[in-house]
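Novice: Sequence and predicted structure, then a few things I'm wondering about:
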Amino acid sequence: MKQDWEMVIGLEIHVRLDTESKLFSGMKASYGSSPNSQVSFLDAGLPGTLPVINQKALEYAIRFGLSVDATIPPVTIFARKNYFYPDLPKGYQISQMDHPIVGKGHLMIQTDAGEKRIDITRAHLEEDAGKSIHDKYDQYSAIDLNRAGTPLIEVVSEPQMSNAKEAVAFMREIYTRVTHLGICDGNLQEGSFRCDANVSVRPKGQTTLGTRAEIKNLNSFRFIEKAINHEAKRQIKRLEAGEKVVQETRLYDADKDQTRSMRSKEDANDYRYFPDPDQLPITISAAMIEAQKAHLPEFPASKIKRYTTELGIKADDATIIANDIAMVKFFEYSLAHSKAAPDLNAKFLLGEFSALLNAHSQSIDNSQIDADAYSGLLDELQAGTVSRKVAKQILDDMWASGKSAAQIIDEQDLGQISDSSALTALIDELINDHPEQVASYRSGNDKMFNFFVGQIMKKTKGQANPVQTKQLLEDKLNNE
Amino acid sequence: MSINRKELEEIASLAQLNIPEQQVNEITASLNQVMAMIEHINQADTAAVEPMSHPNDGHQITRQDVVTDHSHKSTLLALAAHADADHYLVPKVIE
Amino acid sequence: MINLTIRQMAGLLAEKSISVQELNGVFYDRCRAHNASTNALITLNDELNAAEILHAQQAIDVGNHWLAGIPLVHKDLFCTQGIKTTCGSNMLANFISPYNATVVDRLGQAGMVSLGKANMDEFAMGSSNEHSAFGPVGNPWDLTRVPGGSSGGSAAAVAARMVPVATGSDTGGSIRQPAALCGITGIKPSYGRVSRYGMVAFASSLDQAGVMAVSADDCALVLSAMSGHDPLDSTSAHASTWAWEKPQDTELKDLKVGVTRAWIDALEDPDIKQRTWQAIEQLQDQGAQIIDIELPHADLAVSAYYVLAPAECSSNLSRFDGVRFGHQAEGVNDLESLYRQSRTEGFGEEVKKRIMIGAWALSSGYYDAYYLQAQKVRRLISNDFKQAFAQVDVIACPVSPETAFEHGAKADGVSMYQADQFTLPASLAGLPCLSMPIGFSQGQNGRLPIGLQLVGRYFDEQTILSVADKYQQTTDHHLQLPEAFQ
């Protein structure tokens, strides 16, 4: 009989903190500058240089801890992790070992079987390494230290996820938190949010853990799901063939003490962690923690509740908006800066505006139309100056030209005709020109009403205010 | 505590040093001598003692998150034995 | 001219009896004349730095500061922009730092004029200055003997009056022991008193920059200018800049001096034993009350230190991998060979030995038994001092169990380590301590200087310097010059 297998997954997520300067130096920490142009003497590991911790990085880490209901210990200590690698300039990484800044926490994920609690073991602060470029030369690897020293928090989960979907859900929960907290820019391509997954399998019902393998540097939600499933399949195949799963990142394997994996630089190493003697223990006061509580944002669950109950937005729409911090920022800005009804705003944002972004393959962060310009268009829509149909057309123009909605309406004369004397004149003309149709309508042919509406729209190229047009037509046709 | 040749090689690997064959015995002996001296610390009863990692009992200063430094690219790359216009160069790493 | 204190020189400069250029010219010429025999300097500047001379002269002309125009050399582990910083190592034989150490900047701002860089044991590891890639240093009292270490070049340069002042660094005795062996005064301040920024690290939780000079007053004046919080060093203390208050008299009334009688009685060198008691009696004559104290765990200091310092050094010296700066081996084609070969060629034997000891003490399976245990012993030793300082204001004890020994006399590394027994306890506790000359040996080794160590409470440099200053007001051991350098 075929064995039933169960996966056990634990995640280590590296979140790059969105600070101005690096974790221990006053050098700019942004991404994408020319190689080695953002390297301080400390970042290059020059003799005599010393680290001084960035206050904001501490605060961001505490905010993260609070967002997952974690304990924040009163003292936190940096430690050195020692190994040699060209992108590690000092020969050690400043990280944390025994006294991480964030202790035990937890969060809830949605699964097919309902809500599930995942415990967070810890989260610690550490500096990122530089980058090794292997494809530039045949003989050399080229080293860029711009990234060296940028601040990360590493979030470690308990191995409590039992399939790849749960792992993705956990990763998304963390992602949502750090982006809503504003402590991470969330840019997956640039490596601002990376994940290592520890995967093992065991026969269903077994309580002990199987041997795990670590999959490193996963930076897309889609890929992690595939990678985990693939890894689990590989392990099951081995186990069913009577083979063993090799723990690839284990430092001390009692069974195989002389076989150390050659695949990774880190496998062969004994990291010799010890407290960084260049720094003193850091006291985290209750006041400091309290101050960070004030920075905790509204997270998606409560946003969805507020959007639906207070703003009257459909639950589906509220959920889509609330889970995407960029969308939230855009939406909430336009709520504050336009007079449009929230549900109209939400519908237009997820409808016409999202369609436009899709058509240009852009995310809302990279929209050519900013939230301010968008708010301007919403106001025109709300005021009835333009119809949604025309508004869609104006969006295209705004995207291409960078002009405001008002400017485009003005230049192209796209305003809805809501001037009742102008509309009355048109209707009078229509009635005069079509006596037969008028007679037909007045004799009880109600369908004929749409003929008149259509004619007015044709004459005004769709700019006649439909509600007003109907009202005036009814008045004229019925009250003769 | 004393080490043998295999352990010496492991230590040399952690330290990224070569031990020339003709020095193996001499270095092993010299390290063993120091290790024997170090052994004295285990005479102390430290069951109730907190480790002391620093003589300074003060609290850690922190730095405001402000950019205070600028690029030193050419200065830094000029210190290296091997660099091109943009990068430090090392023998190719096979991952 | 050459055997004056800083205050005397500053007086001559202020009253324009001599210009900054002339004063520095005198010492610069002595550096030139005596560096061949002492090898005290790794780098002697090609000429006097005109900008520094001008800056100093201007400071004096507007009536500023005791230190303006006073020449010095820096131990060659303080980073100096534009001038080689070798750390006594082939690894950094051609290294020119792109920035200045805080100590270098502060003394430069005070108007001191730097003439060069002093020889030292490689990366400050050693007690004889024999572990320098740039050759051993001769003790000016007997050039066949060592000056002590690791700040041996600084000590010899001052003893030979090539300069009146030198900076040094002290991790386990590297200022005090060479000061004692060369007959000068040297202070290691409290850990955190002086910024370590730009001082190439040996053992970060122990390293402290200090001063070596003719007198305690000289040391104090320079230390005042060096000290104070530095935002670039997390471990530098918040205390505002310390300012030396020179005592007005020579009375030591109300002062309680603790004496570790057992240490002195165990001394094998009769001259050192006799001079040490004599110096203590002198303090008593000046009014001090002598109280016997015990430091019960101090005999574990050597073992604890030789775990902790190498552990930190093994990590601190990992940055020397041949890639970004320093020596790179030639003709290697893979990364690991590059690392191993560069480090094997670049480091001397003593440095490599300590790196290996440290890597071992931190490695898995040994961390708790050695590294953590050594940190606990460090606590015990620190507590011993706390108890002692509940009874006394200052502790007087020997610096070194021996006077300057001959080059090559100590091949056995461990016996050299054990000679650090009197300096290591205060280092582990981070306490301020100094060595001052108290006379000379008269035995078969000839006339060699002997020092006395004074240890103070944490951050109480004032008391130990005051005691030394009052002692020096009534004695002239510190003003003795070696015959060949008069």
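Specialist: Sure thing, it's come through. Numbers count the residues shown, from 1 in each chain, chains lettered A, B, ... in the order given.
Novice: SS state for A:Lys116?
Specialist: For A:Lys116, the assignment made with DSSP: H, G, I helix; E, B strand; the rest coil gives strand.
Novice: Next up, the contacts around the spatially closest residue to it that is not a sequence neighbour.
Specialist: Closest residue in space to A:Lys116, ignoring its immediate chain neighbours: A:Ile109 at 5.4 Å, by C-beta to C-beta, 6 or more residues apart in numbering or on different chains. Every residue, glycine included, has its C-beta placed from N, CA and C. Taking C-beta atoms under 8 Å, 6 or more residues apart in numbering or on different chains, we find A:Ile109 in contact with A:Glu115, A:Lys116, A:Ile118, A:Glu166, A:Ala169, A:Phe170, A:Glu173.
Novice: Show me what the helix or strand containing the fourth one is packed against.
Specialist: Meaning A:Glu166. Per DSSP states H and E: A:Glu166 is located in helix A:164-181. Packing partners of helix A:164-181 (3 or more C-beta pairs under 8 Å, 6 or more residues apart in numbering or on different chains; DSSP states H and E): strand A:5-16, helix A:55-67, strand A:105-111, strand A:114-127, strand A:193-203, helix A:221-240, helix A:325-337.
Novice: Near C:Arg319, how many other residues are there?
Specialist: C:Arg319: 23 surrounding residues under other C-beta atoms under 10 Å in any protein chain shown.
Novice: From chain B, how far off is the residue lying closest to A:Asp379 once chain neighbours are set aside?
Specialist: Using C-beta to C-beta, 6+ apart and skipping residues adjacent in sequence, the residue nearest A:Asp379 is A:Ser338, 5.0 Å away. To chain B, A:Ser338 is 34 Å away according to C-beta to the nearest C-beta, to the nearest Å.
Novice: Please convert the buried members of the contacts of A:Ile109 into PyMOL selection syntax.
Specialist: Typed into PyMOL, the next command selects the buried ones out of the contacts of A:Ile109 (criterion: 16 or more other C-beta atoms under 10 Å in any protein chain shown):
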select buried, chain A and resi 116+118+166+169+170+173
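Novice: Quick check: of the contacts of A:Ile109, which lies closest to chain B?
Specialist: Nearest to chain B among the contacts of A:Ile109, counting by C-beta to the nearest C-beta, is A:Glu173 at 26.5 Å.
Novice: Need the helices and strands packed on helix A:164-181 in CSV (columns: distance to C:Ala239 and mean pLDDT).
Specialist: Listed next are these as CSV, based on distance: least, C-beta to C-beta, whole Å; pLDDT from 0 to 100:
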stretch, distance to C:Ala239, mean pLDDT
strand A:5-16, 37, 95
helix A:55-67, 21, 98
strand A:105-111, 38, 93
strand A:114-127, 28, 96
strand A:193-203, 43, 91
helix A:221-240, 51, 85
helix A:325-337, 45, 91
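Novice: Quick check: which of the ones you listed is buried the most?
Specialist: helix A:55-67 (a mean of 23; mean count of other C-beta atoms under 10 Å in any protein chain shown).
Novice: how about the helix or strand just after that helix, does it reach chain B?
Specialist: Counting by DSSP H and E, the next helix or strand C-terminal to helix A:55-67 is strand A:75-76. No. Using C-beta under 8 Å from any C-beta of the partner chain, we find that strand A:75-76 stays clear of chain B, coming within 9.3 Å at best.
Novice: contacts for strand A:75-76?
Specialist: Taking C-beta under 8 Å, 6+ apart as the rule, strand A:75-76 contacts A:Leu58, A:Gln96, A:His99, A:Pro100, A:Ile101, A:Leu125, A:Pro281, A:Ile282, A:Thr283, A:Ile284.
Novice: The fifth one: neighbour count?
Specialist: Per other C-beta under 10 Å, the neighbour tally for A:Ile101 reads 26.
Novice: re the thing from before, so of the contacts of A:Ile109, which two are at opposite extremes in space?
Specialist: A:Glu115 and A:Phe170 (12.5 Å; C-beta to C-beta).
Novice: what about the chain, any weak spots by pLDDT?
Specialist: Since no chain was named, I'll use chain A. A:1-2, A:248-268, A:417-419, A:480 (pLDDT under 70).
Novice: Actually, chain C is the one I wanted.
Specialist: C:240.
Novice: Need the residue closest to the centroid of it.
Specialist: C:Ile175 (2.0 Å; C-alpha atoms, centre = their mean).
Novice: From what I see, it and C:Ser435 are in contact.
Specialist: Yes. Between C:Ile175 and C:Ser435 there is a contact under C-beta atoms under 8 Å: 7.4 Å.
Novice: what residues are shared contacts of the two?
Specialist: Joint contacts of C:Ile175 and C:Ser435 (C-beta under 8 Å, 6+ apart) are C:Gly186.
Novice: re the thing from before, starting from chain A, give me the distance back to the residue nearest to the centre of chain C.
Specialist: Distance from C:Ile175 to chain A, by C-beta to the nearest C-beta: 18 Å.
Novice: So which residues of chain A form strands?
Specialist: Shown for chain A, the strands assigned by DSSP state E span residues A:5-16, A:75-76, A:79-82, A:92-95, A:105-111, A:114-127, A:131-133, A:140-144, A:151-157, A:193-203, A:213-218, A:274-275, A:282-283.
Novice: and if you look at the stretch 351-486 of chain C?
Specialist: C:394-398, C:433-440, C:449-456 (DSSP state E, counting those that start in this stretch).
Novice: Going by contacts, tell me the helices and strands next to the last one.
Specialist: If you count contacts as 3+ C-beta pairs under 8 Å, 6+ apart, strand C:449-456 packs onto helix C:176-182, helix C:270-285, strand C:394-398, strand C:433-440, helix C:461-474.
Novice: Can you check which of the ones you listed gets nearest to chain B?
Specialist: Proximity to chain B (C-beta to the nearest C-beta) singles out strand C:433-440 among these, at 12.2 Å.
Novice: Mind listing the strands the closest one pairs with, and their directions?
Specialist: According to DSSP bridges, strand C:433-440 has the following sheet partners: strand C:185-188 (antiparallel), strand C:449-456 (antiparallel).
Novice: Any chance of JSON lines for those, columns mean neighbour count?
Specialist: As requested, the strands paired with strand C:433-440 are exported to JSON lines (neighbours: other C-beta atoms under 10 Å in any protein chain shown):
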{"stretch": "strand C:185-188", "mean neighbour count": "32"}
{"stretch": "strand C:449-456", "mean neighbour count": "28"}
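Novice: Tabulate the ones you listed (TSV), appending distance to A:Pro73.
Specialist: As requested, the strands paired with strand C:433-440 are exported to TSV (distance: least, C-beta to C-beta, whole Å):
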stretch	distance to A:Pro73
strand C:185-188	34
strand C:449-456	35
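Novice: who touches the residue lying closest to C:Phe385 once chain neighbours are set aside in this structure?
Specialist: Leaving aside its sequence neighbours, C:Phe385 sits nearest to C:Ala429 (C-beta to C-beta, 6+ apart; 4.8 Å). If you count contacts by C-beta under 8 Å, 6+ apart, C:Ala429 has them with B:Pro55, C:Arg378, C:Ile381, C:Ser382, C:Phe385, C:Tyr458.
Novice: Can you name the residues that contact the second one?
Specialist: By C-beta under 8 Å, 6+ apart, C:Arg378 lies in contact with B:Pro51, B:Met52, C:Ala304, C:Leu308, C:Leu428, C:Ala429.
Novice: Restricted to helices, list these.
Specialist: C:Ala304, C:Leu308, C:Leu428, C:Ala429 (DSSP state H).
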